[in-house]
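Novice: Quick one, fold the following:
(2 chains)
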Amino acid sequence: MENNQIKNDAITRQEDDFAQWYTDICKKAELMDYSPVKGFIIYRPYGYAIWEQIQNYLDRRFKETGHENVYMPMVIQESLFKKEKEHVEGFAPETLIATIGGKEEIEDRLIIRPTSEVLFCDHYAKIIKSYRDLPKLYNQWCSVVRWEKTTRPFLRGAEFLWQEGHTMHETEEEARSEALRMLEIYDDLGRDVLAIPFSTGIKTDKEKFAGALETYSIEAVLPDGKALQSGTSHYFGNGFSKAFGIQFQTREGKLENPYQTSWGVSTRLIGATIMTHGDDNGLVLPPKVAPIQVIIIPVAANKPGVVPAAKEIAKRISNLGYRVKCDDSDKSAGWKFSEWEMKGVPLRVEVGPRDLEKEQVILAKRNTGEKIICPLSELDTKVKELLEVIHKEMYDKALKYLLEHTTEVHNLDELNAALEKGGYAKMMWCGDRACEDKIKELTSATARCLPFNQMPFGDTCPVCGKKATKVVLFARAY
RNA sequence: CGGGACGUAGCGUAACUUGGUAUCGCGUCUGAUUUGGGUUCAGAAGACUUGCAGGUUCAAAUCCUGUCGUCCCGACCA
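Specialist: Below you'll find the model as predicted:
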């Protein structure tokens, strides 16, 4: 099995250089390509198809929970952007600004949206008049631009695709539960679709979104031991409402400012999926997001009956509702095996003359490499069963990794050791910003979140020694 | 934005130190071959000349300056 000779077109091994392995996969699995402009990538069909699967799932969940899709302009006047102070301070360093229109200089310069809070607020100020207009549950699918200094495919780009939900509510309570409800949907996406166990929790004041009162997030630990913030949901209170003059008449006839949320996930999720599940043979896609869920490979395709039989099987599986492709190109079977493994297709069906004689096919699972002989009569149930098993195995493997890389620490030495090992250093915290800063200074790790699932295991802050009541997860982050 | 590495055909590379018109492999194309893990053989094309722009020189992939981009390590962020 071991092949020491590295093939010319093989990818870098994970243990040799994890970052290079990641870049190799992005390119060799044809997910993306670089464009001439730094940080702006081309989403190739196979990569974009993964995004479409994520979109399909989320869009359905959003609509089921009463949200409507809208589309806002991609530019924001600088004067408008400056209305909410903390927000502008948070984003100012990373905005791209258009200064010329035609041949004229633009006096109120146009910011290419890094996020659309202010556009939504400006619009909401016009359309919200009464409690009868609430809640407003809007979402948009779009791209945003942030002038990032260092960029990596999917994980951090100058432009990325995402969805941003922006909602307005009568009460503080309702808004806060909206923010939490949407975070739950993101958590579901991880568990049920991407096979990624996210940690959910609330951000510290230091790490929260510019302008938000509370930021909730889903966090993943990747195989190189670094944490990745994979999605956020914010509760804004009515700070923006006041800044933008959004007022509604209450049931009692008074004028009040509504309470706001926003929430988003981006194509960064593609990066998280690649890293969480991939191996040295390439991408390993969870069945729910795989653009092709089952690949049919005819073996000895020149023998009579093989290709028609393979196509028949493809049709049969397609009729079950799965995304399936029959690769009847004139490459050798071995070549196709490697190629579709690189592309991470969860399940492979091999169809050859010997199989046809015995009225069977060979099924091969991408995640484990396991091969299973399957009588044609049982194909339908077996495919369904295996795709479910593959999802579960992938999730369980990722969960096991997460648990093995979550270390409870009681002092700074243990904290260092845990961060060195990779993953979360879970510690009790006094809640002081100073201690958070100190850890960052000493270790470069940041507080990822205070997990919802608290379960305290001590009462002393390892940094200052004062009383600690909160459990916090620290990690080196992307 | 700091520190480091790099940019030569689609990909990976040689030549750079010591200037003289670009090497090899994979891939691609054509024709065969291909029964179970990147099949084998034969032939062909592919660089409007070395990321881009200047400079030095009789002559630049090679030396100098600038710039753009990629990767890694930091600081900042979905």
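
Novice: From residue A:77, how far out is the residue in the stretch 201-350 of chain A positioned nearest to RNA strand B?
Specialist: Closest contact between the stretch 201-350 of chain A and RNA strand B, by C-beta to the nearest atom of the strand, is at residue A:334 (2.5 Å). Bear in mind the C-beta positions are built from the backbone N, C-alpha and C, glycine included. For residue A:334, the distance to residue A:77 equals 59 Å [C-beta to C-beta, to the nearest Å].

Novice: Tell me which of the two has more neighbours.
Specialist: More crowded of residue A:334 and residue A:77, by other C-beta atoms under 10 Å: residue A:77, with 17 against 10.

Novice: Show me what the helix or strand encompassing residue A:402 is packed up against.
Specialist: Following DSSP states H and E, the helix or strand that holds residue A:402 is helix A:379-404. For helix A:379-404, the packing partners by 3 or more C-beta pairs under 8 Å, 6 or more residues apart in numbering; DSSP states H and E come out as helix A:268-277, helix A:306-319, strand A:347-351, strand A:360-365, strand A:371-375.

Novice: could you dump those to TSV with mean neighbour count and distance to residue A:198?
Specialist: TSV is the format used below for the helices and strands packed on helix A:379-404 (neighbours: other C-beta atoms under 10 Å; distance: least, C-beta to C-beta, whole Å):
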stretch	mean neighbour count	distance to residue A:198
helix A:268-277	25	9
helix A:306-319	17	31
strand A:347-351	24	25
strand A:360-365	20	24
strand A:371-375	13	31
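
Novice: Domain boundaries for chain A, per the record?
Specialist: With domains defined by automatic domain parsing, chain A comprises A:18-277, A:294-389, A:405-475.

Novice: Can you convert those into JSON lines and add a column each for mean pLDDT?
Specialist: Output for the domains of chain A, formatted as JSON lines (pLDDT from 0 to 100):
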{"stretch": "domain A:18-277", "mean pLDDT": "92"}
{"stretch": "domain A:294-389", "mean pLDDT": "95"}
{"stretch": "domain A:405-475", "mean pLDDT": "93"}
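
Novice: Can you say which of these is nearest to residue A:396?
Specialist: Taking C-beta to C-beta, domain A:18-277 is the member of the domains of chain A nearest to residue A:396, at 8.8 Å.

Novice: residues in contact with the residue nearest the centre of chain A?
Specialist: In chain A, the centroid-proximal residue (C-alpha atoms, centre = their mean) is residue A:269; its distance is 2.0 Å. Applying C-beta atoms under 8 Å, 6 or more residues apart in numbering to residue A:269 gives the contacts A:54, A:189, A:194, A:230-231.

Novice: is RNA strand B contacted by the helix holding residue A:402?
Specialist: No. Helix A:379-404 is not in contact with RNA strand B by C-beta under 7 Å from any atom of the strand; minimum separation 13.6 Å.

Novice: Give me the distance from that helix to the chain's centre.
Specialist: Offset of helix A:379-404 from its chain centre (C-alpha atoms, centre = their mean, to the nearest Å): 19 Å.

Novice: Stretch A:27-41 now?
Specialist: Its chain's C-alpha centre and that of stretch A:27-41 lie 18 Å apart, by C-alpha atoms, centre = their mean.

Novice: buried sites along that stretch?
Specialist: A:28-29, A:31-32, A:39, A:41 (16 or more other C-beta atoms under 10 Å).

Novice: can these go into JSON lines with extra columns for secondary structure and distance to residue A:452?
Specialist: Output for those, formatted as JSON lines (DSSP: H, G, I helix; E, B strand; the rest coil; distance: C-beta to C-beta, whole Å):
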{"residue": "A:28", "secondary structure": "helix", "distance to residue A:452": "38"}
{"residue": "A:29", "secondary structure": "coil", "distance to residue A:452": "35"}
{"residue": "A:31", "secondary structure": "coil", "distance to residue A:452": "32"}
{"residue": "A:32", "secondary structure": "strand", "distance to residue A:452": "34"}
{"residue": "A:39", "secondary structure": "coil", "distance to residue A:452": "34"}
{"residue": "A:41", "secondary structure": "strand", "distance to residue A:452": "34"}
